[in-house]
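Asker: Sequence and computational prediction follow.
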Amino acid sequence: MHRHHQEDHHEGHPKGSSTRQHDILYESNSSEEEQLALLQYLLDHNRHHAEEIAGIAKGFDNKNAELLLKAVVSYQEGNDKVEAFLKSMQSGGQDVFG
């Protein structure tokens, strides 16, 4: 179905990364810089997935496609919140939501 995705899924991952390396970054002893870098990577990666899901939805001609597109909107809203968090941290942790 979406075979190329499985084959190239790790292309966007940092060189030499693996699931175990991601797990290490989640640990509390990771530096804030490492955590922020991982969040930025995940944000970029998730945006790519949202685009893929939207493309898949276009292949359906029914109300189920609408459900997928609504899921993409939710996905994008979550991504926007992660981006706002990252911007806040880059500006010294100021509250970006006012």
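Answerer: Yep, that arrived.
Asker: What's the mean pLDDT across the helix or strand encompassing residue 69?
Answerer: Using DSSP states H and E, residue 69 falls within helix 63-90. Averaged across helix 63-90, pLDDT comes to 94.
Asker: What of stretch 43-55?
Answerer: The pLDDT scores in stretch 43-55 average 96.
Asker: Going forward, count from 493.
Answerer: Happy to do that; since the first residue is 493 now, the last one works out to stretch 535-547.
Asker: Give me the buried positions along it.
Answerer: 535, 539, 542, 546 (16 or more other CB atoms under 10 Å). For every residue, glycine as well, the C-beta is placed using N, CA and C.
Asker: Stretch 566-581 too?
Answerer: 567, 571, 575, 577.
Asker: So what's the residue count around the residue lying closest to residue 549 once chain neighbours are set aside?
Answerer: Leaving aside its chain neighbours, residue 549 sits nearest to residue 560 (3.8 Å; criterion: CB to CB, 6 or more residues apart in numbering). Counted by other CB atoms under 10 Å, the residues lying close to residue 560 total 15.
Asker: now do residue 523
Answerer: Using other CB under 10 Å, the number of residues around residue 523 comes to 9.
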